[in-house]
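> based on what follows, work out the 3D shape:
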Amino acid sequence: MKTTAAIILVLLILLGFNSFYTVGEGQSVLVLQFGRILRTDHEPGLHAKVPLLQQALTLDDRVLSFDGAPQRYATSDKQSINVDFYVKWRVANAGDYYRATGGDELQAGQRLSPIVSNALRGAVDAHTLQQLVSGRQDDLLASALRQSSQETQKMLGIAVADVRITSIEFPDDVKAAVYKRMQTERQQQAAAIRADGKQQAETIKVNADAQAQVIRTNAESAADKVKGEGDAQAAQIYAQAYAQDPDFFAFYRSLDAYRKAFGDGRGTIILKPDSEFLRYFGNPSPAPAHR
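Residues are numbered from 1 along each chain as shown. As a prediction, the model looks like this:
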């Protein structure tokens, strides 16, 4: 008798515990009976239900995150790229969410991924690769967010809060061709720069040669002018010296001629004894004037 009473007491306690459920902050609870939704509770606190016949399914009402698998897209300029993305989402309609996914977050992510992926595909198709990597992602993502959120709310009871691209890469089979094209473009740019530099160097050299020729011509002209002026002054001095004392001038000129002829000590001159060139070696008196 005591054993039966104890069993009954335990069953009553279990039924009592099974008669209540708790709704926490950021949660909602679906009350189900034979798989059919009876009600949805959002108010935090303790709630009651019929034990054994009714079940309480707790759902997370907070914003959740889902990382999509990399998808291959084609841009409007026919560039093939791999796009990684993630999605921020939350339960918008608990009943629709339960009927579509059974309240399973993993299944929700699996059904959410192709919807967002298709929305991104349409947005990527409308943009060039340059636009995607140069700050035009906001427009693209806004379009994908609107389209995917409309579909997920209608089909899954899910509201898409945000869609973000984490990386854009070329597929392995495209990278080699892209790198080759980039290398060719850089080589062409380098060749153009070298050719331009060579042309500029030739222009500078020609200009420098022309300027050098002008400087040499001006210098030679100035030198000839100075030399001419010096020769004129020398001739004038010679003329003045000759006018003052013709005999001494003739003697001085003869000494200058001797110095030039015998200055190095190795010169040899064969002359007649009565040569005018040697007249100061014999009789230094001036030669008689010819009549």
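
> for residue 53, which non-adjacent residue is closest in space?
The spatially closest residue to residue 53, leaving aside those adjacent along the chain, is residue 33, at 5.8 Å (Cβ to Cβ, 6 or more residues apart in numbering). C-beta coordinates here come from the backbone N, C-alpha and C atoms, glycine included.

> and that neighbour, how far from residue 51?
Noted for residue 33: a distance of 12 Å to residue 51, by Cβ to Cβ, to the nearest Å.

> go on, residue 153?
In this view, residue 153 and residue 51 are 34 Å apart by Cβ to Cβ.

> which helices and strands sit right next to the helix ranked longest in the chain?
Longest helix in the chain by number of residues, with DSSP state H as the criterion: helix 172-244. In terms of contacts (3 or more Cβ pairs under 8 Å, 6 or more residues apart in numbering; DSSP states H and E), helix 172-244 is packed against helix 246-262.

> what's the helix it packs on packed up against?
Identification of packing neighbours for helix 246-262 by 3+ Cβ pairs under 8 Å, 6+ apart yields helix 172-244.

> please compute how far the helix it packs on lies from its chain's middle.
Centroid separation between helix 172-244 and its chain, computed with Cα atoms, centre = their mean, to the nearest Å, is 38 Å.

> let me see the mean pLDDT of the longest helix of the chain.
Throughout helix 172-244, pLDDT has a mean value of 83.

> do stretch 256-271 as well
Averaging pLDDT along stretch 256-271 yields 68.

> again with stretch 57-77
For stretch 57-77, mean pLDDT is 86.

> could I get the buried residue list for that stretch?
For stretch 57-77, the neighbour count (16 or more other Cβ atoms under 10 Å) marks 57, 59, 61, 64, 66, 68, 71, 73, 75 as buried.

> sorry, back to before: the residue nearest to residue 53 contacts residue 52, doesn't it?
No: using Cβ atoms under 8 Å, residue 33 makes no contact with residue 52, being 10.3 Å away.

> more neighbours, those two?
Using other Cβ atoms under 10 Å, the more surrounded residue of residue 33 and residue 52 is residue 33, with 13 against 10.

> ok, that one - contacts?
Contacts for residue 33 (Cβ atoms under 8 Å, 6 or more residues apart in numbering) come out as 50, 53, 54, 55.

> phi, psi of residue 99?
With angles defined as degrees, to the nearest 10, residue 99 sits at phi -70, psi -30.

> now swap in the one 4 residues further on and tell me
Here is the backbone geometry of residue 103 (degrees, to the nearest 10): phi 80, psi 10.

> what sits closest to it if chain neighbours are left out?
Nearest non-adjacent residue to residue 103, counting by Cβ to Cβ, 6+ apart: residue 57, 5.2 Å away.

> output the contacting helices and strands for the helix or strand where that neighbour lies.
In this structure, residue 57 sits in strand 54-60 according to DSSP states H and E. When contacts are defined as 3+ Cβ pairs under 8 Å, 6+ apart, strand 54-60 packs onto strand 20-23, strand 27-33, helix 94-101.

> mind doing that once more with 10 Å?
helix 2-18, strand 20-23, strand 27-33, strand 36-41, strand 80-91, helix 94-101 (3 or more Cβ pairs under 10 Å, 6 or more residues apart in numbering; DSSP states H and E).

> buried residues in the third one, which are they?
Translated: strand 27-33. 28, 29, 30, 31, 32.

> now stretch 192-212: buried residues?
Of all the residues in stretch 192-212, not one is buried under the rule 16+ other Cβ under 10 Å.

> that older thread, which of the buried residues of strand 27-33 scores worst on pLDDT?
Among the buried residues of strand 27-33, residue 30 has the lowest pLDDT, at 82.
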